[in-house]
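S.K.: just coords:
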């Protein structure tokens, strides 16, 4: 795996693909910024493929140097996620970033109903992104308009859900696993899933476990990478890579 193939700072300039476990409440850009700063005073290109929301954790692909030219390729790859939804309520942001605004009874819902509702969300589907998303329209991010209470124009997106599996039901919590195409909003999927049950649902935890053939099990912690880069800067000829 190219994630372990660096032995000098020059290797990062030549181009590296780094698999990183994004921490909870960090933005994807926080990870990029932390790694980019660790290279200073060297000015090195660092970018990420596939944004993770701050409340999500898991696999984030980071590219350095000449490898940044391939970010679009990595970004287009299929993704796998595991997560937890809360049935019986909805929130404006479709996740824990906002408080529940509507509540529903869940006592009548059966395991078969919950598992069966995944079928209509498997295959090629259309979904609206959350109003509180980072999508830009006319140069402004949707969440900025939503936070001001303005009407947000949402446009349907075509996405593919290859697998949607319910892995645990302990109402109101429901665990799931999803394999999906680029551009899928898991928050929207969960919101739509709750509506399909004539109920409500919002995302309470999300972890990206795979992107293409790259898996979370092979990812580094951010601060371990930062320490390795700093060691290479101080002793570039003698210090082995991770």
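M.R.: Arrived safely, thanks for sending. All figures in this text were calculated on a predicted structure; none of them were measured in a lab.

S.K.: residues near the closest residue to residue 61 other than its chain neighbours, how many?
M.R.: With C-beta to C-beta, 6 or more residues apart in numbering as the criterion, residue 61 has its nearest non-adjacent residue at 4.3 Å, and that residue is residue 49. The C-beta positions use only the backbone N, C-alpha and C, and glycine is treated the same way. A total of 24 residues lie near residue 49 under the criterion other C-beta atoms under 10 Å.

S.K.: show me what contacts residue 49?
M.R.: 61, 62, 63, 71, 72, 74, 75, 211 (C-beta atoms under 8 Å, 6 or more residues apart in numbering).

S.K.: How many residues are close by the closest residue in space to residue 79 that isn't next to it in sequence?
M.R.: Distances taken as C-beta to C-beta, 6+ apart put residue 211 closest to residue 79, at 5.4 Å, once the chain neighbours are dropped. Using other C-beta under 10 Å, residue 211 is surrounded by 22 other residues.

S.K.: correct me, but residue 211 touches residue 50?
M.R.: Yes - assessed by C-beta atoms under 8 Å, residue 211 is found in contact with residue 50 at 6.1 Å.

S.K.: Between these two, which contacts overlap?
M.R.: With C-beta under 8 Å, 6+ apart, residue 211 and residue 50 have common neighbours 61, 74, 79.

S.K.: where's the second one, which helix or strand?
M.R.: Meaning residue 74. helix 71-75 (DSSP states H and E).

S.K.: on contacts alone, who are the packing partners of the helix or strand just after that helix?
M.R.: Counting by DSSP H and E, the next helix or strand C-terminal to helix 71-75 is strand 79-87. Judged by 3 or more C-beta pairs under 8 Å, 6 or more residues apart in numbering; DSSP states H and E, the packing partners of strand 79-87 are strand 173-180, helix 186-196, strand 201-211.

S.K.: quick one, which of the ones you listed is nearest to residue 9?
M.R.: When the helices and strands packed on strand 79-87 are compared by C-beta to C-beta, strand 201-211 sits nearest residue 9, at 25.7 Å.

S.K.: Go through stretch 138-154 and flag the buried ones.
M.R.: Using 16 or more other C-beta atoms under 10 Å as the test for burial, stretch 138-154 gives 142, 143, 145, 146, 152, 154.

S.K.: ok, which pair from the residues you listed is furthest apart?
M.R.: Distance extremes for the buried residues of stretch 138-154: the farthest pair is 143 and 154 at 12.2 Å, using C-beta to C-beta.

S.K.: Need the overlap of contacts for the two.
M.R.: residue 131.

S.K.: Quick one: list the elements packing against the helix or strand where residue 12 lies.
M.R.: Using DSSP H and E, the element containing residue 12 is helix 9-14. Using 3+ C-beta pairs under 8 Å, 6+ apart, the elements in contact with helix 9-14 are helix 222-234.

S.K.: let's see it at 10 Å
M.R.: Contacting helix 9-14 under the criterion 3 or more C-beta pairs under 10 Å, 6 or more residues apart in numbering; DSSP states H and E are the following elements: strand 56-64, helix 222-234.
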